[in-house]
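Enquirer: following is a predicted model, sequence given first.
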Amino acid sequence: MNALPLLPDAPPDTRVAWHRNRPVTRAEFLGKVLALAAALPDEGPVINLCSDRYHFALGFFASICRGRLSLLPNALTRDTIARLQDDHPALHCLHDQAGDAFGLPVIPVAAEALDPRTHTSAPMIPAGQEVACVFTSGSTGRPNPHFKRWGSLLTNIRAEAGRLWDAAGGACAVLGTVPFQHMYGLESTVLLPLLGGGMLCAQRPFFPGDIATALAELPAPRLLVTTPFHLRALLDADLTLPPLDLIVSATAPLATELAQRAESTLGAALLEIYGATETGQIATRRTTTGEPWHCFDGIALQQHGHQTLVSGGHIEQACPLNDIVTLEDATHFRLVGRGSDMINIAGKRSSLAYLNHVLNSVEGVRDGTFCLPDPDAEAARLAAFVVAPGMTAESIQRALRVHLDPIFLPRPIVFLDQLPRNTTGKLPHDALQALIQTHLGDLRA
Amino acid sequence: MTQQESTGAVADAALEREVAEMIVSALNLEIAAEAIDATAPLFGDEGLGLDSIDILEVALVVSKRYGFQLKADSEDNFRIFASLRQLAGHIAANRSK
């Protein structure tokens, strides 16, 4: 089986990352990756809880070197981790803080404590090695694993780099506002700079003022990786930012008006990325031009009855899209509707089926459903309708917190005597919309 | 009432109340401003239970109303949201209007 290098070829003094106000060279990064790899256990997958993006990257690449699979669960809750530990008794976690490790054995990651190995060349990694496992949330509450192989991931990131660097006018320093434990953040803020010849930035700026400060530190050209939600907050803050060369948004549909404001205020083109857990990233579009989505080089789409199949490039086996699209040709398409029930808020994802499963598993809840009252809002907030005599919104929230990332907690929770289910037990779309109109009408924009 | 712990200016009760009302209205919370415990956490599993989306919205209102930008080292570091009193104190110390 063929093997591919852990890092692209480059001189040892190439700057590959920016950490705590200083550049990190390729030689230093690689040396520390190999030092950390030597400290990893001989078996079992790892879960990477590092909160500093540079530490996360050291852990991710070290795990690849040692043949350890990185698990990327959708939610870092006690519940999820306990289930993963059941499936993988040898599970370890990488951590860079004293914070909660969910009772897992900890391998500490601290850049300054790693003595870099010298005179090293990038190790060759088998293309078929499974390096990451991401999950889609099944409706039964049992997440379905999707394994990402090294060769395929590398091909995907190279295609992304080709497209983005072309739009930016060169390889960029990449600053991200999105969580890197999720696929979009991992691909675009960790792997894109390191595998695509750009510069990874460790900062994880949160407030608009933090984004401005972090950008000012970075060498040009600069790429900002964000979501419609974070972008709206940044623009509303009316700050003066250093020049950007490209903005990338994903996870939720971006309004053309917001894209236009971003391009004119920040002085850079904005590309949206289209992808899914199953397929990885497959296409981009420049929102302001109204043009269709353009597949990455090598990727092609084919209509097969009701399904659109994606193949080529990094896709090992033709795979159906969850969404409904119309093809303009094999490499250009328009998005007609979201076919899945994926919920994606500020870079974190879940599904309505899973959320409803969790809600209905709460003791005391007889029936319940989540809904998204205003799906077009950047700061989408879930609400819920429940039948739960004797319970309060607070007690339900508390029970949900054990299982869900706080971003998915519903507000408000509307108590009803019953849900308008039809004879087959389904909650028809129109009935749910009527409930939203009646009880949550004033929340809609 | 105990002394404000941080080195920032101490917010008076009127500012605390004003900030509480601002949070409730910015986030459409189903709680009265006066019902927010000034010493309970705003963010996280306890107290008011705000999440990162809420915090970003509050930050925007704070910047418009009080004329300064909030800063954090990372998303895990919301010390100024440790309580209503802490946030009001931070605003009192940094406001430009």
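Expert: All right, it came through fine.

Enquirer: can you get me a residue count around residue A:177?
Expert: 27 (other Cβ atoms under 10 Å in any protein chain shown). Every residue, glycine included, has its C-beta placed from N, CA and C.

Enquirer: tell me who's in contact with it.
Expert: A:204-206, A:211, A:224-227, A:230, A:234, A:347 (Cβ atoms under 8 Å, 6 or more residues apart in numbering or on different chains).

Enquirer: reformat these as TSV; add distance to residue B:27, pLDDT and secondary structure.
Expert: Shown next, in TSV, are those (distance: Cβ to Cβ, whole Å; pLDDT from 0 to 100; DSSP: H, G, I helix; E, B strand; the rest coil):
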residue	distance to residue B:27	pLDDT	secondary structure
A:204	23	87	coil
A:205	22	90	coil
A:206	17	87	coil
A:211	22	94	helix
A:224	26	98	strand
A:225	27	97	strand
A:226	22	94	strand
A:227	19	88	coil
A:230	17	87	helix
A:234	19	93	helix
A:347	20	74	coil
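
Enquirer: C-alpha coordinates for stretch A:342-358, CSV please?
Expert: C-alpha atoms of stretch A:342-358 as CSV (Å, rounded to 0.1, in the frame of the first residue of the first chain):
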residue,chain,number,x,y,z
MET,A,342,-28.9,18.3,10.6
ILE,A,343,-28.8,21.2,13.0
ASN,A,344,-25.6,23.2,12.8
ILE,A,345,-25.1,26.1,15.2
ALA,A,346,-22.0,28.1,15.3
GLY,A,347,-19.8,25.3,14.0
LYS,A,348,-21.3,22.5,16.2
ARG,A,349,-23.6,19.9,14.8
SER,A,350,-26.4,17.6,15.9
SER,A,351,-29.6,16.3,14.3
LEU,A,352,-33.3,16.9,15.2
ALA,A,353,-33.8,13.2,15.4
TYR,A,354,-31.1,12.8,18.0
LEU,A,355,-32.2,15.9,20.0
ASN,A,356,-35.7,14.6,20.0
HIS,A,357,-34.5,11.2,21.2
VAL,A,358,-32.7,12.8,24.1
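
Enquirer: indicate whether that stretch makes contact with chain B.
Expert: Yes. Stretch A:342-358 reaches chain B (Cβ under 8 Å from any Cβ of the partner chain) through A:345-346.

Enquirer: and the contacts of that stretch?
Expert: So stretch A:342-358 is contacted by A:74-75, A:136-141, A:143, A:177-179, A:182, A:184-185, A:227, A:229-230, A:251-252, A:276-277, A:322, A:340-341, A:368-370, A:372, A:379-380, A:382, A:400, A:403-405, A:407-408, B:52-53 (Cβ under 8 Å, 6+ apart).

Enquirer: can you check stretch A:70-90 too?
Expert: A:41, A:43-49, A:59-60, A:63-64, A:91, A:102-104, A:131-135, A:137, A:143, A:181-183, A:186, A:348-350, A:402-405.

Enquirer: out of those, which are buried?
Expert: A:45-49, A:59-60, A:63-64, A:91, A:102, A:104, A:131-135, A:137, A:143, A:181-183, A:186, A:348-350, A:403-405 (16 or more other Cβ atoms under 10 Å in any protein chain shown).

Enquirer: quick one: list the elements packing against the helix or strand harbouring residue A:235.
Expert: Assigned by DSSP states H and E, residue A:235 belongs to helix A:228-236. Counting contacts by 3 or more Cβ pairs under 8 Å, 6 or more residues apart in numbering or on different chains; DSSP states H and E, helix A:228-236 packs against helix A:208-217, strand A:246-249, helix A:256-266, helix B:52-66.

Enquirer: my guess is residue A:325 meets residue A:302, correct?
Expert: No. The pair residue A:325 and residue A:302 fails to qualify as a contact (Cβ atoms under 8 Å) at a distance of 11.3 Å.

Enquirer: ok, residue A:328 - how many residues close by?
Expert: So residue A:328, with other Cβ under 10 Å, has 14 neighbours.

Enquirer: what number of residues lie near residue 82?
Expert: You didn't pick a chain, so chain A it is. Close neighbours of residue A:82, defined as other Cβ under 10 Å, add up to 12.

Enquirer: ah, I was thinking of chain B
Expert: So residue B:82, with other Cβ under 10 Å, has 19 neighbours.

Enquirer: up against chain A, what does chain B have?
Expert: With Cβ under 8 Å from any Cβ as the criterion, chain B meets chain A at residues B:28-30, B:44-45, B:49, B:51-53, B:55-57, B:59-60, B:63, B:69-72, B:74-76.

Enquirer: and these, which are buried?
Expert: B:29, B:49, B:51-53, B:55-57, B:59-60, B:63, B:69-72, B:74-75.

Enquirer: now residue A:413: how far from chain B?
Expert: To chain B, residue A:413 is 9 Å away according to Cβ to the nearest Cβ, to the nearest Å.

Enquirer: count the residues that sit near that residue.
Expert: Neighbours of residue A:413 (other Cβ under 10 Å): 24.

Enquirer: so it touches residue A:394, yeah?
Expert: No. Under the criterion of Cβ under 8 Å, residue A:413 makes no contact with residue A:394, lying 9.2 Å away.

Enquirer: state the distance from the closest residue to chain B within chain A to residue A:241.
Expert: At 3.1 Å from chain B, residue A:209 is the closest residue in chain A, using Cβ to the nearest Cβ. Residue A:209 sits 11 Å away from residue A:241, taking Cβ to Cβ, to the nearest Å as the criterion.

Enquirer: got any ranges where the stretch 151-300 of chain A has weak pLDDT?
Expert: The model of the stretch 151-300 of chain A has no residue with pLDDT under 70.

Enquirer: up against chain B, what does it have?
Expert: With Cβ under 8 Å from any Cβ as the criterion, the stretch 151-300 of chain A meets chain B at residues A:179, A:203-204, A:206-210, A:212-213, A:229-230, A:233, A:236-237, A:239.

Enquirer: repeat that for 10 Å
Expert: A:177, A:179, A:202-213, A:229-230, A:232-234, A:236-239 (Cβ under 10 Å from any Cβ of the partner chain).

Enquirer: chain center to the helix or strand bottoming out on mean pLDDT in chain B: distance?
Expert: Least confident helix or strand, chain B: helix B:52-66 with a mean of 89, by mean pLDDT, DSSP states H and E. When distances are taken as Cα atoms, centre = their mean, to the nearest Å, helix B:52-66 is centred 9 Å away from the chain's centroid.

Enquirer: what residues are up against the closest residue in space to residue A:311 that isn't next to it in sequence?
Expert: Distances taken as Cβ to Cβ, 6 or more residues apart in numbering or on different chains place residue A:318 nearest to residue A:311, at 4.1 Å, with adjacent residues excluded. By Cβ atoms under 10 Å, 6 or more residues apart in numbering or on different chains, residue A:318 lies in contact with A:300-302, A:304, A:307, A:309-312.
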